[in-house]
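K.L.:
Sharing a model prediction with you, sequence too.
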Amino acid sequence: MYCQKCGKQIADGSVFCQHCGAQIGNVVSDNFSNQNANQNYNVQHTEKHEEPIKNKEEFIADFRAKHPERIVYIVIFIILEIVSTIVFIMNVSSYIDHHRDENLTGMMIAAFLEIIAILFACAIQKVNASANKAFDSYITKESREKTNVSTKWLCPKCGNSNPANIRYCSNCSCQKPNFEPISAQTDVWQCPKCGKINQNYVGTCGCGTRKP
């Protein structure tokens, strides 16, 4: 869709034009209390407190706190290791002395328990790998946000974050602080009837007057 005032393309469903600040469906004053907002910008503007980036130890600790299954795996692994070791030692010594079939069965049970313990060890490693992968994603995301923070500006009226190339807040149409309106240039024309400034590619003013 296109703004009726400046003619530039805007996102569908927008309430305000991000280029000229006009309310979609109703042409409102460009000022829209922007002058007062700009004058009081330094007073009203409160910067968002950014949380410090966590180091790997802190992030891993938080991740493990949110995934308690790792502790369960560790406990089960330790129990299986202890039981399998005891069962194997008891049966292997008896088998050496007496060569009884029940001792051979006991050693097989110990081996089976050891295999299960190995599976739980693999599960523990999988959780650790997931934690490291989540940390890498976290660092990448934080770095990207740190890089983009300089390309955004906060609306002094509603606090909404807007891209640097947007002149008006997409939430309340407040003008970007310290933004100087475009003066009459060759790429714009002024309507002789209502006085509105239009882009050169706009052939008809919002009031119905055609471009001179």
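P.N.:
Good, I have the coordinates. Residues are numbered from 1 along each chain as shown.
K.L.:
as a whole number, average confidence for stretch 52-61?
P.N.:
Taken as a whole, stretch 52-61 has a mean pLDDT of 85.
K.L.:
Okay, buried residues for it please.
P.N.:
59-60 (16 or more other CB atoms under 10 Å). Quick note: C-beta positions are derived from backbone N, CA and C, even for glycine.
K.L.:
what does it contact?
P.N.:
Applying CB atoms under 8 Å, 6 or more residues apart in numbering, the contact partners of stretch 52-61 are 62, 131-132, 134-135, 138-139, 142.
K.L.:
Quick one: buried ones out of those residues?
P.N.:
131, 134-135, 138.
K.L.:
Take the contacts of stretch 52-61 and write them to JSON lines, including secondary structure.
P.N.:
Formatted as JSON lines, the contacts of stretch 52-61 follow (DSSP: H, G, I helix; E, B strand; the rest coil):
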{"residue": "62", "secondary structure": "helix"}
{"residue": "131", "secondary structure": "helix"}
{"residue": "132", "secondary structure": "helix"}
{"residue": "134", "secondary structure": "helix"}
{"residue": "135", "secondary structure": "helix"}
{"residue": "138", "secondary structure": "helix"}
{"residue": "139", "secondary structure": "helix"}
{"residue": "142", "secondary structure": "helix"}
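K.L.:
doesn't residue 200 make contact with residue 188?
P.N.:
Yes - in this structure, residue 188 is within contact of residue 200 by CB atoms under 8 Å, at 6.3 Å.
K.L.:
Name the nearest of the buried ones among the contacts of stretch 52-61 relative to residue 5.
P.N.:
The closest of the buried ones among the contacts of stretch 52-61 to residue 5 turns out to be residue 138 (CB to CB; 42.5 Å).
K.L.:
Just give the nearest non-adjacent residue to that closest one, would you?
P.N.:
In space, and not counting its chain neighbours, residue 138 is closest to residue 59: 6.1 Å by CB to CB, 6 or more residues apart in numbering.
K.L.:
any idea how far that neighbour lies from residue 66?
P.N.:
Distance, residue 59 to residue 66, using CB to CB, to the nearest Å: 11 Å.
K.L.:
List the residues that contact residue 88.
P.N.:
Contact partners of residue 88, counting by CB under 8 Å, 6+ apart, are 106-107, 110-111, 114.
K.L.:
Just the ones of these in helices?
P.N.:
With helices taken from DSSP state H, the overlap with the contacts of residue 88 comprises 106-107, 110-111, 114.
K.L.:
Only whichever of the residues you listed are buried, select them in ChimeraX.
P.N.:
Of the ones in helices among the contacts of residue 88, the buried ones go into a single ChimeraX selection, burial set by 16+ other CB under 10 Å:
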select :106,107,110,114
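K.L.:
Let me have the ones in helices among the contacts of residue 88 in a markdown table, adding distance to residue 21 and pLDDT as columns.
P.N.:
Below are these laid out as a markdown table (distance: CB to CB, whole Å; pLDDT from 0 to 100):
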| residue | distance to residue 21 | pLDDT |
| --- | --- | --- |
| 106 | 82 | 84 |
| 107 | 81 | 84 |
| 110 | 77 | 89 |
| 111 | 75 | 90 |
| 114 | 71 | 92 |
